[in-house]
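[1] Would you be able to build a 3D model of this:
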Amino acid sequence: MNLTLRQLRAFAAVAETGSFTTAAGQLHLTQSALSVLVRELEREMGVQLLDRNTRRVQLSEAGREFLPSVHRLLGDLTSAVAGVTDLRDKKKGLLRLAAPQLMACTLMPRVIAAYREAYPDVDVRLADTLPEHLLLGVAAGDVELAVGQDVAVDAAAIERRTLFRDRHWLICPPGHAFAKRRKVRWHELGPYTFIAPTRDFRQRVLPELGPEERAFLMRPGTQEVSYMTTALGMVASGLGLTVCPTYSASLVRAHGLQMVRLESPDFHREVCVYSAARRSLSPAAASFVGILEQFATAQPKA
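    As a prediction, the model looks like this:
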């Protein structure tokens, strides 16, 4: 059996109006075209759905049985199309995101606020996570997008798009000897306790350092924490120095600390957005990536 929506709509219109002429006007069809659709439907069904005479059209017994099902089918289809249209137009939807804790409390709230202003009916849920756990939610399907610094990915499972390249800065208390300096070199950090802001920081920066700086980072007195907020709290209490990316400036200021340019070498990390490979983004996620890219364009050049 090969029924079409045009046939079902034609039958419902005639049944509701009791007139081929009126129904044809509603559907913007000629009366002959409408009659053909109804006859095709009856032929496919193998029963007569309408009793016709020269003065009026009535439902047959089979037609009365069939009409409620047609109404439900057409109503469900209308609701389904409206739902998909709302998703397309970002009039509704749920977008789940993940970001490392530092980015989740600095950059992401600003991006989400801009997104919500543009698409107020999309519910955005942000999960903050350890940097080393950033991609677990994407792989498990718990989040659609993850935003964070560059990490190695399995290209067959995770797609990575670079948003911008961000410099890391030295963070020190306002009364520190480095606080008034325009720039500091890595080898000058030797006399001070260094607080690595994430568990993977040292392994990422070591290849870019010379022997003296590598020895400084690997010495027993170096502290290592999981969260940037912990490192900032320790610096604010005079327990050492740390580094952080440009986008964390608001959090650094909130702790009353100074950011000083750190050179020789410069250390940068790419900020990326991650999603499941070979899976199209939802309209809500695609538009969120667009707003992320606008923020990336507005970032100061490192």
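
[2] and the helix or strand Val205 falls within, what other elements does it pack with?
    Here Val205, judged by DSSP states H and E, is contained in helix 201-205. The helices and strands touching helix 201-205, judged by 3 or more Cβ pairs under 8 Å, 6 or more residues apart in numbering; DSSP states H and E, are helix 211-218. For every residue, glycine as well, the C-beta is placed using N, CA and C.

[3] re earlier: how about the helix holding Val205: buried residues?
    Buried positions in helix 201-205, judged by neighbour count with 16 or more other Cβ atoms under 10 Å: 201-202, 204-205.

[4] Dump the residues you listed to a markdown table, plus pLDDT and distance to Glu16.
    Output for the buried residues of helix 201-205, formatted as a markdown table (pLDDT from 0 to 100; distance: Cβ to Cβ, whole Å):
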| residue | pLDDT | distance to Glu16 |
| --- | --- | --- |
| Phe201 | 78 | 70 |
| Arg202 | 78 | 74 |
| Arg204 | 77 | 69 |
| Val205 | 79 | 73 |
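
[5] Please report phi then psi for Gly148.
    phi -180, psi -170 (degrees, to the nearest 10).

[6] What are the contacting residues of stretch 31-49?
    Stretch 31-49 has contacts (Cβ atoms under 8 Å, 6 or more residues apart in numbering) with 1-4, 6-8, 10-11, 13-15, 20-21, 23-24, 27, 29, 50, 59-60, 62-63, 66.

[7] Need the buried ones from these selected in PyMOL.
    Buried members of the contacts of stretch 31-49, defined by 16+ other Cβ under 10 Å, are picked up in PyMOL with:
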select buried, resi 7+8+10+11+13+14+15+20+23+24+27+29+50+59+63+66
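
[8] helix, strand or coil for Tyr192?
    coil (DSSP: H, G, I helix; E, B strand; the rest coil).

[9] and the longest helix along the chain, how far from the chain's centre?
    With DSSP state H setting the assignment, residue counts place helix 61-88 as the longest helix in the chain. Computed by Cα atoms, centre = their mean, to the nearest Å, the chain-centroid distance of helix 61-88 equals 32 Å.

[10] Give the partner strands of the next helix-or-strand element following it in its sheet and their orientations.
    Using DSSP H and E, the helix or strand that follows helix 61-88 towards the C-terminus is strand 94-100. Using DSSP bridges, strand 94-100 pairs in its sheet with strand 123-129 (parallel), strand 145-149 (parallel).

[11] Quick one: low-confidence residue ranges for the stretch 51-200 of the chain.
    The model of the stretch 51-200 of the chain has pLDDT under 70 over residues 54, 79, 82-92.

[12] actually the stretch 201-302 of the chain, not the one I wrote
    The low-confidence ranges in the stretch 201-302 of the chain, as defined by pLDDT under 70, are 299-302.

[13] again, only this time at 50
    By pLDDT under 50, the stretch 201-302 of the chain has no low-scoring segment.

[14] Tell me where it has strands.
    All strands of the stretch 201-302 of the chain, identified by DSSP state E, counting those that start in this stretch, fall at 223-224, 242-245, 258-263, 268-276.

[15] Turn the ones you listed into CSV, including distance to Ala296.
    As requested, the strands of the stretch 201-302 of the chain are exported to CSV (distance: least, Cβ to Cβ, whole Å):
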stretch, distance to Ala296
strand 223-224, 29
strand 242-245, 13
strand 258-263, 20
strand 268-276, 7
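
[16] so which of these gets nearest Asp121?
    strand 268-276 (22.0 Å; Cβ to Cβ).

[17] just checking, what packs against that closest one?
    Using 3+ Cβ pairs under 8 Å, 6+ apart, strand 268-276 sits against helix 136-140, strand 145-149, strand 158-172, helix 283-298.

[18] what angle sits between the second one and strand 268-276?
    With axes from the mean of the first three to the mean of the last three Cα atoms, to 10 degrees applied, the angle from strand 145-149 to strand 268-276 works out at 170 degrees.

[19] Pipe the strands paired with strand 94-100 into a markdown table and attach distance to Gly238 per row.
    A markdown table is the format used below for the strands paired with strand 94-100 (distance: least, Cβ to Cβ, whole Å):
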| stretch | distance to Gly238 |
| --- | --- |
| strand 123-129 | 27 |
| strand 145-149 | 27 |
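
[20] Using TSV, lay out those together with distance to Glu293 and mean neighbour count.
    What follows is the strands paired with strand 94-100, written out as TSV (distance: least, Cβ to Cβ, whole Å; neighbours: other Cβ atoms under 10 Å):
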stretch	distance to Glu293	mean neighbour count
strand 123-129	17	16
strand 145-149	11	23
